[in-house]
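Trainee: Predicted coordinates and the sequence they were generated for:
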Amino acid sequence: MTGLIMVKTSEIIQKRKDKFDTLKQSKLQLFPNDFRVSHTVNEIKALVEKSPETLKADSPSFAVAGRMVAINRFGKTVFIRFRDRTGQLQAYIRKDQIGDEAYQLFKQLDVGDFVGLGGEMFQTKTGEWTLFVKELQLLCKTIRPLPEKFHGLKDPEKRYRQRYLDLIMNADARKLFVQRSRIIQEIRNFFLQHDFLEVETPMMQPIPGGAEAEPFITHHNALGMDLYLRIAPELYLKRLVVGGFERVFEINRSFRNEGISTQHNPEFTMLEFYQAYATFTDLMDLTEQLFSTVSLAVTGSTNISYQDDTIDLAGPWRRITLQKALVDIGGIDAALLKDKDALLNFAAQSGIQMTKTGRLGKVITKLFDAVVEPKLIQPTYITGYPVEVSPLSRRSDHEPEITDRFELFIGGREIANGFSELNDPVDQRERFSQQVESRTAGDQNAHLMDHDYIEALEYGMPPTAGEGIGIDRLVMLLTDADSIREVILFPHMKPRD
RNA sequence: GGGCCGUUAACUCAGUCGGUAGAGUAUCUGCCUUUUAAGCAGAGAGUCGCUGGUUCGAGCCCAGCACGGCCCA
């Protein structure tokens, strides 16, 4: 027995296992795969709606399959509810219809088992359309009992670790992940309709770039080198613009080696897109269109209710500079904004902890996160980001110390980040050099020098604007979810034991 | 990293002042041929997250740890 962990099996599961063994010994196929389905539940329901008279007169036969989610047993009859991918239907089983042998078999089945059913539709006394079962076949025997049907599965830990149980038990969870799929499909359609090309770029990168974040490190044995899981696809997508793909997008999984919270999962889904001959203001217009289109398609409205707020996604959205937002929304004296020490003083007095004391631009954006961001409930574009916090953005023609960049905030959270791309390779090299200096000075997340990317720029990237949108956060917004774990099928969890 | 809360039957949850562990659903047995969380009668089911401590005695008090939730950083 050494090395074996003795797990005490609960009574209820032990009884199921005993039943399982008994059924197996009776030569019954517990896992057949020869049942053929003629209709889904929804197809049958559509026929009920469309031509109930035909169903009554002609009694056509249906073959359906699904998981039993409820069983009401009487002496010689049974009502069951079963579910396939399209919906739920009631079936009625009578001993005098399916015969003694089949009825005895059915008595051995449990909620959760899969069955194949053949029969006709009829209406019960209460008028509910129900499948009158003529033939019945077990399609999959289960050993573990499902959670109780009335209260369902509530324990968040179990819902995340065993998402399949959440999906079986909770209609809301099923609905949410269908919504997520539709949101992503709508985004894809939108960009395809706007003549963008969908591409795939490396997830394993020799130099992680495109964002300020800590990467996961992995190792390639044959090459004998470390590689990094991407923190963003940005620098590869812009290489494609250099290559002549003037409009590209990637719905990408990216990875950041940071803390886990209701807003952060180590791997997350992002949309990035790049459009040549466009500016950051063009992308602001495009994003307003995108969100309105997706929201309308998925929720039926551009007005959504999120937590305690009603959010209007129909554009145009408010556009305001970082400086003005700090003064008007954050209540900071405009005179302080040019003075780093004065700002740090203000932060200290207001009880705002400033962990990183970088340069003025860093302090300003930190302060913004604390005093302005939570107040940006309605969609708001913030513009006028300093060059030093925007190492990949084009300088403003009017004010060289700020960039042609915006961030989008909705519901008090950053949803998107976009800018006119820096396509001057000389300026880009200088920006990277400054980042490397910051890194040497202790900023772990500052960019690394990427000579290969600069070489690409030296071959010439047309004027271009690009943007990244956090898909998980967008899904949260459109599904009224308060935690990122609610919108990711298998969120990262610490292993148990 | 810090604070607060949680972890008891398969699921959802009670558990008083520290005195041998409770309910509903589910399960099992019996009855029941139109139920809607079906009903009636009966039965079984627990390493009270883990490890220590205090105590005659701990689900309950104390300490540490694990996992989870919320908030803060």
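Mentor: Cool, the structure landed.

Trainee: which residue does chain A bring closest to RNA strand B?
Mentor: residue A:75 (2.2 Å; CB to the nearest atom of the strand). (Each C-beta comes from the backbone N, C-alpha and C, glycine too.)

Trainee: which residues of the stretch 251-400 of chain A fall in helices?
Mentor: With helices called from DSSP state H, counting those that start in this stretch, the stretch 251-400 of chain A shows them at A:280-299, A:322-328, A:340-349, A:360-371.

Trainee: And the ones you listed: which comes nearest residue A:416?
Mentor: helix A:280-299 (6.2 Å; CB to CB).

Trainee: and that closest one, what's its mean pLDDT?
Mentor: Average pLDDT, helix A:280-299: 98.

Trainee: Tell me which residues are up against it.
Mentor: A:179, A:182-183, A:186-187, A:190, A:194, A:275, A:278, A:301-302, A:304, A:313-317, A:319, A:379, A:381, A:383, A:404-406, A:408, A:416, A:418-420, A:465-467, A:469, A:474, A:478 (CB atoms under 8 Å, 6 or more residues apart in numbering).

Trainee: let's see it at 7 Å
Mentor: Residues outside helix A:280-299 that contact it (CB atoms under 7 Å, 6 or more residues apart in numbering): A:179, A:182-183, A:186-187, A:190, A:301-302, A:304, A:313-317, A:319, A:381, A:404-406, A:408, A:416, A:418-420, A:465, A:467, A:478.

Trainee: How far off centre is it?
Mentor: Chain-centre distance of helix A:280-299: 18 Å, with CA atoms, centre = their mean, to the nearest Å.

Trainee: Then stretch A:458-466?
Mentor: The answer for stretch A:458-466 is 30 Å, by CA atoms, centre = their mean.

Trainee: what about that stretch, start to end distance?
Mentor: One end of stretch A:458-466 to the other measures 19 Å (CA to CA, to the nearest Å).

Trainee: What of stretch A:345-364?
Mentor: Span of stretch A:345-364 from end to end, CA to CA: 12 Å.

Trainee: next one: stretch A:230-247
Mentor: One end of stretch A:230-247 to the other measures 21 Å (CA to CA).

Trainee: and if you look at stretch A:439-453?
Mentor: 19 Å.

Trainee: next one: stretch A:203-221
Mentor: Using CA to CA, the end-to-end distance of stretch A:203-221 comes out at 17 Å.

Trainee: Give me the buried positions along it.
Mentor: Going by neighbour count (16 or more other CB atoms under 10 Å), the buried part of stretch A:203-221 is A:203, A:205, A:208, A:209, A:210, A:211, A:212, A:215, A:216.

Trainee: Restricted to strands, list those residues.
Mentor: Judged by DSSP state E, the buried residues of stretch A:203-221 include residue A:205 as members of strands.

Trainee: By pLDDT, give me the weakest of the buried residues of stretch A:203-221.
Mentor: Minimum pLDDT for the buried residues of stretch A:203-221 is recorded at residue A:212 (91).

Trainee: what residues are up against the residue lying closest to residue A:232 once chain neighbours are set aside?
Mentor: Once flanking residues are discounted, residue A:232 sits nearest to residue A:210: 3.2 Å by CB to CB, 6 or more residues apart in numbering. Applying CB under 7 Å, 6+ apart to residue A:210 gives the contacts A:231, A:232, A:233, A:234, A:235.

Trainee: I'd guess the first one is in a strand, am I close?
Mentor: Spelled out, that is residue A:231. No. With DSSP: H, G, I helix; E, B strand; the rest coil as the criterion, residue A:231 is located in coil rather than a strand.

Trainee: Which pLDDT value goes with it?
Mentor: As summarised for this prediction, residue A:231 has a pLDDT of 96.

Trainee: ok, it - contacts?
Mentor: Residue A:231 sits next to A:208, A:210, A:211, A:213, A:215, A:254, A:255, A:256 when contact means CB under 7 Å, 6+ apart.

Trainee: now those as CSV including distance to residue A:68?
Mentor: As requested, the contacts of residue A:231 are arranged in CSV below (distance: CB to CB, whole Å):
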residue, distance to residue A:68
A:208, 49
A:210, 49
A:211, 48
A:213, 47
A:215, 47
A:254, 41
A:255, 40
A:256, 43
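
Trainee: hmm, back to that, hmm, which of the contacts of helix A:280-299 are the buried ones?
Mentor: Buried members of these, counted by 16+ other CB under 10 Å: A:179, A:183, A:186-187, A:190, A:302, A:304, A:313, A:317, A:381, A:404-406, A:408, A:416, A:418-420, A:465, A:467, A:478.

Trainee: Tell me where the stretch 51-200 of chain A has strands.
Mentor: Secondary structure of the stretch 51-200 of chain A by DSSP state E, counting those that start in this stretch: the strands cover A:62-73, A:77-84, A:87-94, A:114-123, A:129-140, A:197-198.

Trainee: Nearest to residue A:432, out of those strands?
Mentor: Using CB to CB, the nearest of the strands of the stretch 51-200 of chain A to residue A:432 is strand A:197-198, at 27.5 Å.

Trainee: What residues does the stretch 51-200 of chain A have near RNA strand B?
Mentor: Applying CB under 7 Å from any atom of the strand, one finds that the stretch 51-200 of chain A approaches RNA strand B through A:70-77, A:79, A:90, A:92, A:94-96, A:110-111, A:122, A:124-126, A:128, A:130, A:145, A:147-158, A:160.

Trainee: Could you turn the buried ones of the residues you listed into a ChimeraX selection?
Mentor: Selecting only the buried entries of these in ChimeraX, with 16+ other CB under 10 Å as the criterion:
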select /A:71,79,92,95,110,111,130,147,152,153,160
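
Trainee: Residue A:166: how many residues sit nearby?
Mentor: A total of 25 residues lie near residue A:166 under the criterion other CB atoms under 10 Å.

Trainee: Just the local confidence number for the closest residue to it other than its chain neighbours, please.
Mentor: Nearest non-adjacent residue to residue A:166, counting by CB to CB, 6+ apart: residue A:159, 4.1 Å away. The score at residue A:159 is 96. That number is its pLDDT.

Trainee: returning to that earlier point: kindly reformat the buried residues of stretch A:203-221 as JSON lines and extend each row with distance to RNA strand B.
Mentor: Converted to JSON lines, the buried residues of stretch A:203-221 look like this (distance: CB to the nearest atom of the strand, whole Å):
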{"residue": "A:203", "distance to RNA strand B": "24"}
{"residue": "A:205", "distance to RNA strand B": "26"}
{"residue": "A:208", "distance to RNA strand B": "22"}
{"residue": "A:209", "distance to RNA strand B": "25"}
{"residue": "A:210", "distance to RNA strand B": "23"}
{"residue": "A:211", "distance to RNA strand B": "18"}
{"residue": "A:212", "distance to RNA strand B": "17"}
{"residue": "A:215", "distance to RNA strand B": "19"}
{"residue": "A:216", "distance to RNA strand B": "17"}
